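Asks: no letters, just coordinates:
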């Protein structure tokens, strides 16, 4: 069954990937999954996921989210509209903000949103020995014990402001982004994972190329750049943190 949904590319040079990760504490791995399984995962995200919205306005603001079915409830329309407007104001003032479409995989599994569904299987694969051992080998962190996960979709007007992921006390060691967007994502469509120096300059950035796995040690200042209104497609990904507890 694993080969039908989530199979790591057997041709990856893990020793070379480990060397590159050790040099910069970040890495983009191309063709991480076999092409067949990567396309299957992308189909789940594109056609089999009930997308909700996640947003936050301001460093001191609280994250807010609505499931897809909650977005369809007219009773929530005013609150959602206000929350999205608040993210504009926070970002315009230089404060932290984000908004993007999300499906909380861990919460979905815990609350049995879709018992036996594909997202439940994806979380199992991300916590299976094959994936976790590959991550230990590449990052050089043998303590990695589990992965959490959410699916994300950055469409027009979506972004994730600069932040550092400072939840080390909760066991976060490595942030990961498994990109599952279209094959020929244009750099003009934004959605790049970018890293900053202390002066706010961009040190480097990764385009969300299909079937690439981004890894980086946390905490580290990073963001996902704004996806403009003319972007014809969304940026699909599975994101999360690799934890030591």
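Replies: Cool, the structure landed. In this text the structure is predicted, and so the values were computed from the model without any measurement.
Asks: distance from stretch 238-245 to the middle of the chain?
Replies: Distance, stretch centre to chain centre, for stretch 238-245: 10 Å (C-alpha atoms, centre = their mean, to the nearest Å).
Asks: ok, and for that stretch, which residues are buried?
Replies: 238-243 (16 or more other C-beta atoms under 10 Å). From N, CA and C alone the C-beta is placed, and that goes for glycine too.
Asks: likewise for stretch 176-192?
Replies: Buried-residue list, stretch 176-192, by 16+ other C-beta under 10 Å: 176-182, 185, 189-192.
Asks: most widely separated two among the residues you listed?
Replies: 176 and 189 (21.7 Å; C-beta to C-beta).
Asks: quick one: which of the buried residues of stretch 238-245 is nearest to residue 158?
Replies: residue 239 (13.2 Å).
Asks: what helices or strands is the longest helix along the chain leaning on?
Replies: The longest helix of the chain (DSSP state H) is helix 77-92. Here helix 77-92 touches strand 52-57, strand 97-103, going by 3 or more C-beta pairs under 8 Å, 6 or more residues apart in numbering; DSSP states H and E.
Asks: so what touches the helix or strand following the longest one?
Replies: Using DSSP states H and E, the helix or strand that follows strand 97-103 in sequence is helix 105-110. Outside helix 105-110, the residues that touch it by C-beta atoms under 8 Å, 6 or more residues apart in numbering are 113-114, 119-120, 122-123, 148-151, 238.
Asks: ok, stretch 201-209 next?
Replies: 26, 28, 30, 177, 179, 181, 185, 187, 191-197, 212, 214, 225, 235, 237.
Asks: among those, which are located in helices?
Replies: If you go by DSSP H, the contacts of stretch 201-209 have nothing in helices.
Asks: quick one: secondary structure of the residue in the chain sticking out farthest from the centre?
Replies: Using C-alpha atoms, centre = their mean, the residue of the chain lying farthest from its centre is residue 75. It sits 29.1 Å away. Secondary structure, DSSP: H, G, I helix; E, B strand; the rest coil: residue 75 is helix.
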